[in-house]
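S.K.: The following comprises the amino acid sequence and a computationally predicted model.
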Amino acid sequence: MSNIAPIIIGYGGNLTGRFQSPRAACGAALYSLASRGARVVKRSPWYESAPVPLSDQPWYINGVATISTKLLPDDLLDLLLDIEVSLGRERGKPNAARVVDLDVLAYGNKINNSAVRPPLLPHPRMHERAFTVLPLRDILPDWYHPQSQKSISQLAENLPSDQQTRIIADASGIYGTEWVT
């Protein structure tokens, strides 16, 4: 295990909005992050995943990245929410389809269980979601969950069996997406 625990974000979407594809919207989100003081250090392969909970909406495109930033967790969350809005995210009912969704999954080894000062860290459902655990295992195979102390491999072994995911190929644009600057 590394001495310096990374800042990990998750991203995904299943609507195109003004973009060519959900993967392009995610590329625009990563580009936006990088242009606003949060350098993308490493990113996972792209995953296509069925909605959780299962519904008839389109499948999602998901990924995970480690980033470098001087922003504190609450400021990082504010930045992610601002980027979502700027890219066309409209909040409605929970688990609704969306152009882009950005989450702070872990901020180093910080643990925050207080809803008074978001974000909750590590993300409270990240260990239950194949679309976060599998991409995270791809880029950080030695990572441990700060709260449970389970390895990423243990988390992957304990995922619900009803979640459907598959790796998809990168596109040729920036961040392996159709997004081009």
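M.R.: Great, that's in hand. Numbering: from 1, shown residues only.

S.K.: List the buried residues in the helix or strand where residue 29 lies.
M.R.: Counting by DSSP states H and E, the element that carries residue 29 is helix 22-35. Along helix 22-35, these residues count as buried under the neighbour rule (16 or more other CB atoms under 10 Å): 22, 23, 24, 25, 26, 27, 28, 29, 30, 31, 32, 33. For glycine as for every other residue, the C-beta is placed from the backbone atoms N, C-alpha and C.

S.K.: State the pLDDT value of the last one.
M.R.: Here the pLDDT value assigned to residue 33 is 95.

S.K.: Quick check: it vs residue 162, distance?
M.R.: 31 Å (CB to CB, to the nearest Å).

S.K.: Please apply the same query to the second one.
M.R.: Going from residue 23 to residue 162 by CB to CB gives 24 Å.

S.K.: What about the closest residue to residue 32 other than its chain neighbours, how many residues nearby?
M.R.: Leaving out its chain neighbours, the residue that sits closest to residue 32 by CB to CB, 6 or more residues apart in numbering is residue 83, at 4.7 Å. Residue 83 has 22 neighbours, counted by other CB atoms under 10 Å.

S.K.: ditto for residue 45
M.R.: Residues near residue 45, counting by other CB under 10 Å, number 15.

S.K.: and it, what does it touch?
M.R.: Residue 45 sits next to 63, 135, 138, 167, 168, 170, 176 when contact means CB atoms under 8 Å, 6 or more residues apart in numbering.

S.K.: who are the neighbours in contact with the first one?
M.R.: Spelled out, that is residue 63. So residue 63 contacts 10, 11, 12, 26, 43, 44, 45, 46, 47, 135 (CB under 8 Å, 6+ apart).

S.K.: Find the nearest non-adjacent residue to the fifth one, please.
M.R.: What sits nearest to residue 43 in space, not counting adjacent residues and going by CB to CB, 6+ apart, is residue 65, at 4.2 Å.
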